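S.K.: no sequence for this one, just the structure:
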C-alpha cells in the first residue's frame, strides 16, 4: 500500500465515521506516523509505506474514529506558533484562545508580572511571556500559572521545560487565589465557562475526553468569573488589568460584572468569526 492510498483509507474511514475534521485529521495522523511534511509526502506518496507504519496508522485512525481527539493521539497541539504537550488532563489549546493572548500582548511591557488563573497546559501564560520578549522586545516579563489540578500542572511543567522558560515562569497549585501571594500587573484567565446542563450536549471529543473541571462553569457558566472578578483587585498592582476568555454569549454579562466591581474601560473583543471572545478592563483602585 502506498502512502497516498493509506492517507485515502484513513480519510474515508473518518468520513464514514462522521468525524467533523476527517480530512485534516487523517493527514495529521499520517504526518505523525511518517514524520513527513506535505512537501516530502508529495514526493514520496507513490512509495510503499512500511508495514509497521501501516499498522500504527490504522490503529490511530481507529481511535480517532471513536472520537478520541487527534491531539490526544499525537500528544501535541500548536498554539500561537508554539508546540504544546497536551493530554486528557488539560483542555486542548484552541485557536479561539489565541485572541486572548493577542489582546493581552498589546498591553504587556517590560518588567511586568503576570498571573494566569486556571492555567491548564500553560499555553496562555507561556505564550504571552515568550512572545512578549521575542516579538515585542519586552524585557524581564515574568509570570505565574495557577491551577487546582496537580495533573494539569505536570503538563504545564513539561511545557515550561521544553520551551526553556523555567527562569521566567512559575507554577502554583491553588484553588483560585487561595495560595496566591503578592500583586500582579495583569491577570489572564480562560476559566471553566460552560453552563453545567450544556456539557452533555457538547461533542464527544470534548464531553468524553476533556476534563470536566476545566469546562463546568456552574448553572449559568459564570461562577468562576464572579469569584475571580471579586477577588482579583486584591492581587492587582495599581492600574492592573484583568483579561478573560468568554463564551460567545457571555460578553455583556462579564462586562457588567467587571464594571460593578470597579473595572474601567471594559472592552469586549471578537474572534475571527465575529463572536464575542475576550473581555478585559483596568482596575484603578476605586469602587
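M.R.: Sure, I can see it. Bear in mind the structure is a predicted one, so any value in this text is a computation, not a measurement. Numbers count the residues shown, from 1 in each chain.

S.K.: Which other helices and strands does the strand or helix carrying residue 71 contact?
M.R.: Here residue 71, judged by DSSP states H and E, is contained in helix 70-74. Identification of packing neighbours for helix 70-74 by 3 or more Cβ pairs under 8 Å, 6 or more residues apart in numbering; DSSP states H and E yields helix 22-34, helix 51-65. The way it works is simple: take the backbone N, C-alpha and C, and place the C-beta from them, glycine included.

S.K.: So which other helices or strands are in contact with the first one?
M.R.: Contacts defined by 3+ Cβ pairs under 8 Å, 6+ apart place helix 22-34 against helix 3-16, helix 38-44, helix 51-65, helix 70-74.

S.K.: Just the buried residues of that helix, please?
M.R.: When burial is assessed from 16 or more other Cβ atoms under 10 Å, helix 22-34 yields the following buried residues: 22, 25, 26, 27, 28, 29, 30, 31, 32, 33, 34.

S.K.: and what of stretch 98-114?
M.R.: 98, 99, 100, 101, 103, 104, 105, 108, 112, 113, 114.

S.K.: Tell me how far residue 176 lies from residue 281.
M.R.: Between residue 176 and residue 281 the distance is 19 Å, computed by Cβ to Cβ, to the nearest Å.

S.K.: The two - which one has more neighbours?
M.R.: Neighbours around residue 176 and residue 281, counted as other Cβ atoms under 10 Å, are more numerous at residue 281. The numbers are 22 against 18.

S.K.: who's in contact with residue 175?
M.R.: Each residue near residue 175 by Cβ atoms under 8 Å, 6 or more residues apart in numbering is listed here: residue 148.

S.K.: now it: how far from residue 103?
M.R.: Residue 175 is 27 Å from residue 103, where distance means Cβ to Cβ.

S.K.: How about residue 159?
M.R.: For residue 159, the distance to residue 103 - Cβ to Cβ - is 21 Å.

S.K.: Kindly report the same for residue 61.
M.R.: Going from residue 61 to residue 103 by Cβ to Cβ gives 37 Å.

S.K.: The strand or helix carrying residue 260 packs against which elements?
M.R.: If you go by DSSP H and E, residue 260 is part of helix 251-261. Applying 3+ Cβ pairs under 8 Å, 6+ apart, one finds that helix 251-261 makes contact with helix 223-231, strand 263-270, strand 276-283.

S.K.: Good, wrapping up.
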